[in-house]
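Undergrad: Got a predicted structure here, sequence first:
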Amino acid sequence: MSRSDAQLLAEIEALYREQFSDFVAVAASIVADREAAREAVQDAFASLIRGRRQFRGEGRLEAWVWRVVINAARKKKRQLPHLPLPDVESSTNGAVPREEERMEMSTLVAVLPERQRLVLFLRYYADLDYRAIAQILGVKTGTVSASIHAAHANLRRMLSEVQR
């Protein structure tokens, strides 16, 4: 059964309302700027509404929406000036306050390769399974698994370097 135009619009709107913060979190992992991420998500949904007839219904609507959001964030990133990442400093007494830990982890995640960042955000922030992530990124499920494994390994390595 194919969707009517009104059904498709309603489903797109529901995804926007239900997952806006997830879309922004993933977009922010790409553009490294929360406001630019919000703009990218807004641009993506405007594009989705305008181009809704391009959705052929062959895959899940949510995967198509995620792909458009990711592409909009990538486009937004190319438009932004390059901002250097903050330096990561380790604690001198071994006890790092909670906020500092979050900032440190955010900085470490930010320096991961884009695919590794994306799979982490899609898995842990958007709570998507490997198959959905693979469909969104247009890769095989094994590639998603390998990317998550590589991201975890890179984070462990960087954390051990910071703690020295």
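TA: Structure's in. What do you need?
Undergrad: Pull the residues that contact stretch 25-40.
TA: Residues outside stretch 25-40 that contact it (Cβ atoms under 8 Å, 6 or more residues apart in numbering) are 24, 41, 44, 66, 69-70, 72-77, 80, 83, 85, 109-110, 114, 117-118, 120-122, 125-126. For every residue, glycine as well, the C-beta is placed using N, CA and C.
Undergrad: pLDDT averaged over stretch 106-119 - what is it?
TA: Here stretch 106-119 scores 86 as its mean pLDDT.
Undergrad: buried ones in that stretch?
TA: For stretch 106-119, burial by neighbour count (16 or more other Cβ atoms under 10 Å) applies to Thr107, Leu108, Val109, Leu112, Arg115, Gln116, Arg117, Leu118, Val119.
Undergrad: next one: stretch 37-48
TA: Buried residues in stretch 37-48, defined by neighbour count with 16+ other Cβ under 10 Å: Ala37, Arg38, Glu39, Ala40, Val41, Gln42, Asp43, Ala44, Phe45, Ser47, Leu48.
Undergrad: Save those as a markdown table, and put in pLDDT, distance to Ser4 and secondary structure too.
TA: Formatted as a markdown table, the buried residues of stretch 37-48 follow (pLDDT from 0 to 100; distance: Cβ to Cβ, whole Å; DSSP: H, G, I helix; E, B strand; the rest coil):
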| residue | pLDDT | distance to Ser4 | secondary structure |
| --- | --- | --- | --- |
| Ala37 | 94 | 32 | helix |
| Arg38 | 96 | 30 | helix |
| Glu39 | 96 | 30 | helix |
| Ala40 | 96 | 28 | helix |
| Val41 | 97 | 25 | helix |
| Gln42 | 97 | 25 | helix |
| Asp43 | 96 | 25 | helix |
| Ala44 | 96 | 22 | helix |
| Phe45 | 96 | 19 | helix |
| Ser47 | 95 | 20 | helix |
| Leu48 | 94 | 16 | helix |
